[in-house]
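Novice: Next comes the sequence, and after it the predicted model I'd like to discuss.
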Amino acid sequence: MHVESMTLPVLASQPPIERRMRTISFRLRTFRCILEMLRPGIGGGLLVDLGAGPCLFAKLAAKEDFRVTAVDVRPPWNIDGSPLPLESLEGIEFVQADACKFDVSGFDIVSIVGLLYHLTLDEQIDLLTRCSGKTVIIDTEVFDDTAMSESARERIFPPADAREYNGIDWLETDHVWSSKGNRYSFWHTVPSLLRMFENTGARNVTMFGPQYRSAHGPRQWYLLNVPDIAG
Amino acid sequence: MAVASQAEIQKSVRAALKEGRHDEAKVTLAAALDRWPDAYWMLMLHAEVLKASGDLAEALAQLRAIHERFPDKHWAAQGVIRLLFEEDRQAEARAFFENAVWTSTVPDETKSQMITALSPRRGNLDETIAFLGRLLFASPGSPAVLTRLAMIRARQGLWDEAVSLLDEIAARGPVPEHARAIQADLLSGFGRFPEMLVIARELAAAHPHRVDYTHRVILALSGSGDHQEAAQVLKDAAARWPGDWRVLFRLNRIVPVQPLWDEAFAIIEASFNPATTYARSLFQFAVASLRQGKTEQSLIALDAIAQRGLASTHADPLQHVLGRFSPEEWRARMRLADDQTAEVQIVGVEGADTTIVIFGGIDFGLSSLPFGYVDALLSSYRANVVYLRDFAFRAYFEGISSLAPTAEQTLDRLREILERLGTRRLITIGYSVGGFAAIRYGAQLGAQAAISFGAPTTLEEEFEADSKPGVGYRPKALKRALSFRLTDETKDLVKDLAGTSTRVFCHYAAQYPAEVAHSNRLRDLDNVELRPLNISDHSVAMRAIADGILDRLLVEEIGVPVK
């Protein structure tokens, strides 16, 4: 698997919004940069956004002329947790379904933004195996023992069954931003995450730097199987 | 027909569990256990199935049994603890950890993570500390336990103990990296800046993208007296994170070594956009702009805060004060070319026999107002004004270095200045630690009046801790660091005021417990008048200026002549 690093021209500026919104703003701008790299045309531009939540990324992709299907196990919701009217999702097909089981075979690009770290290790492996060969955009928390916040540290458990991977089990909450159905999710270290990408069939990985921080610790964007890199 | 492997069976059992087909999972598993009765992960899966089926007692029993049978493998023990933890049975989880895990061969990293999960910084901390104490009893000097204990003590505001614990870890080996930033913060609170600097530099070098680590380097350099390098690092930080409030905050609080300080501001200014700048940065930018004499630019930043509907306890009164005059009139009224690099500046007024001495605070002005603007306000009075800054960050306790090397000699030099100005009546004014100095120097110089805003009245660290329970390790580091440099005799203002004729006007925020507690210590002194303002934060000086309280006090009560 070929791995390369790239720095995107996205400034971690601080718009006039509070911390969480600031982070979302940064993530949206990064997502747009990645979409712009892909826009010249991968297949028919069919993009599925798994774990779409408030559909912010799905809306952005639709605005960038991708044909977008948004998938989430919950009905669409606003970032404050309130229900999001379906009318506001014009141009997007919303499917309420378990993102881990959704059939991604008909899509050119799979967007896994803010989802992977809410899944168990088995679910992550299964999902990425099903995405094998497709272009996949991933934004995820990564585990770095030196960089976790003190409050995050209290939600960390040694992994119950990490097999050949390295990382921690993360105690999920019942919050709308959290996972649904699993009490713990698995957070990889960066080397472990790359190993999982390789083991699940990724031909190449682009790591976008720099890492940025959530309230918990470091996060990073990845792009799997970009056609022109794969050749 | 191909026979399913253990891995395939485990996968199918988990899939069945996820879809709620518990009976199917049990049947599949039972058949597998018949084939592999001693397979560790199959037994573990049995516990998982029991748990998923809601049979928690059986699941626990199964995990305990697996642990007894395979004591060298830690996953079953870990499972017991997780299950108890999830069931909110923390005491049992801790007991099991103590008995079955702590002294076992479980990897240290695993133990450390479990300790953290089992000792959160909320809830009954006495029980948590007792738990950690028992672990220490079994394994004295364990870095994992000492680190956790230090984190909890820091959260409780028990800095001394937290620092001692971290020192103890450091004496045995490296402090875990995640605790290093907190260690650096705690060391700053004890004035141990050179030690803080070593840690801060290491953290910043290891994580160059972390602005908070660079921020600590600048703070440690300032505290260590290396103002040149502090300014250089700040300028570099301004180029990397021009909109970050911590960079701006530090810009306003380092000794302004030139030309680096102006260059850092210019970098920030070049990328300033009021529409996209974070509110906290906007305020710091407004103050920084004022220090450059750029009133209009400061108003733009303050207006951006107001337009967003954000109530700001510091920005609102500053905006109110700036609104008193037009930018042109501010400039016209300033008799002072505000030299940010000067510790002493004097404005002499022909024929004036009153002199006002302003003790600048930690950001080198009177609260958020730089001396140029203070002078514009005081230009209405027939009074000389002496503006003071303490670039040693010692709140004038050790004098003003550019005047004299000691506080005593600084007093002599100030007396000479006052005499030269023809002073017959002296008034001292200061905010926060500058207010402490205004009272102390005022009393020693024989001032008629000393006016303080939000000033501490003792720097006894125990009092600080008592008046701000649970504050933690971040704020008030300067005052705390100061308290460790002072002798007991010099920490308390009450002694200064006994037997002096100086009238003290002590303004404080009536809803801010720390300021109330400090002010109340002067309540029984005849020459002290306590002046509460109905606010709940540390913006009392700006409020008093904005609401005309300072003007009325100077004119109506103290009798300073108006031009």
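Specialist: Sure thing, it's come through. Numbers count the residues shown, from 1 in each chain, chains lettered A, B, ... in the order given.
Novice: tell me which helix or strand of chain B sits lowest on mean pLDDT?
Specialist: Sorted by mean pLDDT, DSSP states H and E, the helices and strands of chain B end with helix B:461-467, the least confident at a mean of 49.
Novice: wait, I meant chain A
Specialist: Among the helical and strand segments of chain A, the one scoring lowest on mean pLDDT, DSSP H and E is helix A:227-230, with a mean of 56.
Novice: Around chain A, pick out the residues from the stretch 151-300 of chain B.
Specialist: When proximity is defined by C-beta under 8 Å from any C-beta of the partner chain, the stretch 151-300 of chain B lies next to chain A at B:151, B:177-178, B:182, B:206-207, B:209-210, B:243-245, B:275-279, B:281-282. The way it works is simple: take the backbone N, C-alpha and C, and place the C-beta from them, glycine included.
Novice: Which stretches in the chain count as strands?
Specialist: You didn't pick a chain, so chain A it is. For chain A, strands defined by DSSP state E occupy the ranges A:2-7, A:46-50, A:67-72, A:92-96, A:109-113, A:135-141, A:156-157, A:167-171, A:184-188, A:204-213, A:218-224.
Novice: was after chain B, sorry
Specialist: If you assign secondary structure with DSSP E, the strands in chain B sit at B:344-347, B:354-359, B:384-388, B:425-431, B:449-453, B:503-509, B:528-533.
Novice: can you tell which of these is closest to residue A:143?
Specialist: Closest approach to residue A:143 among the strands of chain B is made by strand B:503-509 (43.1 Å; C-beta to C-beta).
Novice: Run a quick neighbour tally on residue A:204.
Specialist: Neighbouring residues of residue A:204 were enumerated by other C-beta atoms under 10 Å in any protein chain shown; the total is 19.
Novice: and if you look at residue B:168?
Specialist: Neighbours of residue B:168 under the rule other C-beta under 10 Å: 15.
Novice: Residue A:186 is nearest to which of the strands of chain B?
Specialist: Comparison of the strands of chain B against residue A:186 by C-beta to C-beta identifies strand B:503-509 as nearest, at 48.4 Å.
Novice: Nearest residue to the closest residue to chain A within the stretch 1-150 of chain B in space, please, no chain neighbours.
Specialist: Going by C-beta to the nearest C-beta, chain A is nearest to residue B:110 of the stretch 1-150 of chain B, at 4.1 Å. What sits nearest to residue B:110 in space, not counting adjacent residues and going by C-beta to C-beta, 6 or more residues apart in numbering or on different chains, is residue A:158, at 4.1 Å.
Novice: which regions of chain A lie under the pLDDT threshold?
Specialist: Counting by pLDDT under 70, chain A contains low-confidence residues at A:7-22, A:40-44, A:174-179, A:228-231.
Novice: What segments of it are helices?
Specialist: Defined through DSSP state H, the helices belonging to chain A, from first to last, are A:19-38, A:56-63, A:121-130, A:150-153, A:190-199, A:227-230.
Novice: Residue of the stretch 301-450 of chain B nearest chain A, please.
Specialist: Closest to chain A within the stretch 301-450 of chain B is residue B:308: 5.7 Å, counting by C-beta to the nearest C-beta.
Novice: residue closest to the middle of chain A?
Specialist: Compute the mean C-alpha point of chain A, and by C-alpha atoms, centre = their mean the closest residue is residue A:113, 2.2 Å away.
Novice: Would you check how far apart residue B:436 and residue B:504 are?
Specialist: Using C-beta to C-beta, to the nearest Å, one gets 11 Å for the distance from residue B:436 to residue B:504.
Novice: Same check on residue A:212?
Specialist: 50 Å.
Novice: Compare these two (neighbour count), which wins?
Specialist: residue B:504 (28 against 18).
Novice: thinking again about what came up before, turn the strands of chain A into a markdown table, columns for distance to chain B.
Specialist: What follows is those, written out as a markdown table (distance: least, C-beta to the nearest C-beta, whole Å):
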| stretch | distance to chain B |
| --- | --- |
| strand A:2-7 | 11 |
| strand A:46-50 | 17 |
| strand A:67-72 | 17 |
| strand A:92-96 | 17 |
| strand A:109-113 | 19 |
| strand A:135-141 | 16 |
| strand A:156-157 | 5 |
| strand A:167-171 | 7 |
| strand A:184-188 | 8 |
| strand A:204-213 | 5 |
| strand A:218-224 | 9 |
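Novice: quick one: which of those is nearest residue B:358?
Specialist: Among the strands of chain A, strand A:204-213 comes nearest to residue B:358, with 40.8 Å by C-beta to C-beta.
Novice: who does the closest one pair up with?
Specialist: Sheet neighbours of strand A:204-213, with direction, are listed as strand A:2-7 (parallel), strand A:218-224 (antiparallel) (DSSP bridges).
Novice: and residue A:198, which of these is closest to it?
Specialist: When the strands paired with strand A:204-213 are compared for distance to residue A:198 using C-beta to C-beta, the nearest one is strand A:2-7, at 8.7 Å.
Novice: Now tabulate the strands of chain B in CSV and tack on mean pLDDT and distance to chain A.
Specialist: Converted to CSV, the strands of chain B look like this (pLDDT from 0 to 100; distance: least, C-beta to the nearest C-beta, whole Å):
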stretch, mean pLDDT, distance to chain A
strand B:344-347, 96, 35
strand B:354-359, 98, 33
strand B:384-388, 97, 33
strand B:425-431, 97, 28
strand B:449-453, 97, 30
strand B:503-509, 96, 25
strand B:528-533, 96, 28
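Novice: want to try CSV for the ones you listed, with distance to residue B:337 as columns?
Specialist: Putting the strands of chain B into CSV (distance: least, C-beta to C-beta, whole Å) gives the following:
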stretch, distance to residue B:337
strand B:344-347, 9
strand B:354-359, 16
strand B:384-388, 12
strand B:425-431, 21
strand B:449-453, 25
strand B:503-509, 29
strand B:528-533, 32
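Novice: picking up where we left off before, how many neighbouring residues does the residue of the stretch 301-450 of chain B closest to chain A have?
Specialist: Residue B:308 sits with 14 neighbouring residues when counted by other C-beta under 10 Å.
Novice: do the same with residue B:4
Specialist: In terms of burial, residue B:4 registers 15 neighbours under the definition other C-beta under 10 Å.
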